[in-house]
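Undergrad: Sharing a model that was predicted from the sequence below.
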Amino acid sequence: MRCFLALELPQHIRSQLVLQQFLMPVKRRIAPEKFHLTLVFLGDADNPMLDALDQELSRLDSPMPQIALHGLGLFGKDKAHNLHAKALPDPSLMALHDKLTRLARNVGFAPDKRRYSPHVTLAYLRPDTFEQSELELAVARSADFRTDPFEAQEVTLFRSHLRPDGAEYDVLERYPLSPSLRALNW
């Protein structure tokens, strides 16, 4: 089974992202209940690997990262294939990503080695369903889009099922994060 670790988004953030989706000239929008911020894509996992990961994550001691989304972006060299909201690379978010990547490697996963670019996917793009220049202009107009910062409360382990009409996600487990010193007013 394909698995990944992610942060789920509060409803008020999802609502803001839906508005941004509908300002974009795209057809294959991600359903708001599927919005998430991937921390580590684990890939194929068997039960022993997931059991080992669960033991490590159950002892996770990491502060709640501050998440703020700012602007939209596109992935794809010549032709875009992904429209997303960009997350500001807060040090606590990047530290959580690094910690989870090390943890995943320690139990046998081979996480992606590409530079981590935190984002929330809003739409997957097929080349024949949009005009590149029109989409680039719409994304440029979204430069001022931003959400209020929010603190992620937990890391979620998802299982992904690929379907012709898009991926389906099942929550396998949730792992709480520690309140930050900022939240405790220290």
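TA: On my side now, so go ahead. Remember, it's a predicted structure, so these values are computed and weren't measured experimentally.
Undergrad: Might you report the residue contacts of the most centrally placed residue in the chain?
TA: In the chain, the C-alpha nearest the mean C-alpha coordinate belongs to residue 37, at 1.7 Å (Cα atoms, centre = their mean). Residues near residue 37 by Cβ atoms under 8 Å, 6 or more residues apart in numbering: 6, 7, 9, 67, 87, 118, 119, 120, 152. From N, CA and C alone the C-beta is placed, and that goes for glycine too.
Undergrad: which residues touch the fourth one?
TA: Applying Cβ under 8 Å, 6+ apart, we find residue 67 in contact with 7, 37, 87, 88, 90, 93, 149, 150, 151, 152.
Undergrad: how near is it to residue 177?
TA: 12 Å (Cβ to Cβ, to the nearest Å).
Undergrad: Could you tell me which residues touch both of those two?
TA: residue 152.
Undergrad: and the next element down the chain from the helix or strand bottoming out on mean pLDDT in the chain?
TA: Of all the helices and strands that make up the chain, helix 132-141 has the lowest average by mean pLDDT, DSSP states H and E, namely a mean of 90. The first helix or strand that comes after helix 132-141 along the chain, using DSSP states H and E, is strand 150-151.
Undergrad: so what does the least confident helix or strand of the chain touch, helix or strand wise?
TA: strand 69-75 (3 or more Cβ pairs under 8 Å, 6 or more residues apart in numbering; DSSP states H and E).
Undergrad: Would you mind listing the buried residues in the next helix or strand after the strand it packs on?
TA: Note on strand 69-75: by DSSP H and E, the next helix or strand toward the C-terminus is strand 82-87. For strand 82-87, a neighbour-count test (16 or more other Cβ atoms under 10 Å) marks 83, 84, 85, 86, 87 as buried.
Undergrad: wait, doesn't the fourth one sit right on residue 74?
TA: Meaning residue 86. No - using Cβ atoms under 8 Å, residue 86 is not in contact with residue 74, being 10.3 Å away.
Undergrad: Contact partners for residue 127?
TA: Residue 127 neighbours (Cβ under 8 Å, 6+ apart): 79, 81.
Undergrad: do that again at 6 Å, thanks
TA: Listed by Cβ atoms under 6 Å, 6 or more residues apart in numbering, the contact partners of residue 127 are residue 79.
Undergrad: What of residue 154?
TA: Taking Cβ under 6 Å, 6+ apart as the criterion, residue 154 is in contact with 174, 175, 176, 177.
Undergrad: What separation is there between it and residue 55?
TA: 17 Å.
Undergrad: Need the pLDDT of residue 146.
TA: Listed pLDDT for residue 146 reads 96.
Undergrad: Compute the number of surrounding residues for it.
TA: 15 (other Cβ atoms under 10 Å).
Undergrad: Which elements pack onto the longest helix along the chain?
TA: For the chain, the helix with the greatest residue count under DSSP state H is helix 91-106. Where contact means 3 or more Cβ pairs under 6 Å, 6 or more residues apart in numbering; DSSP states H and E, helix 91-106 is packed against strand 36-44.
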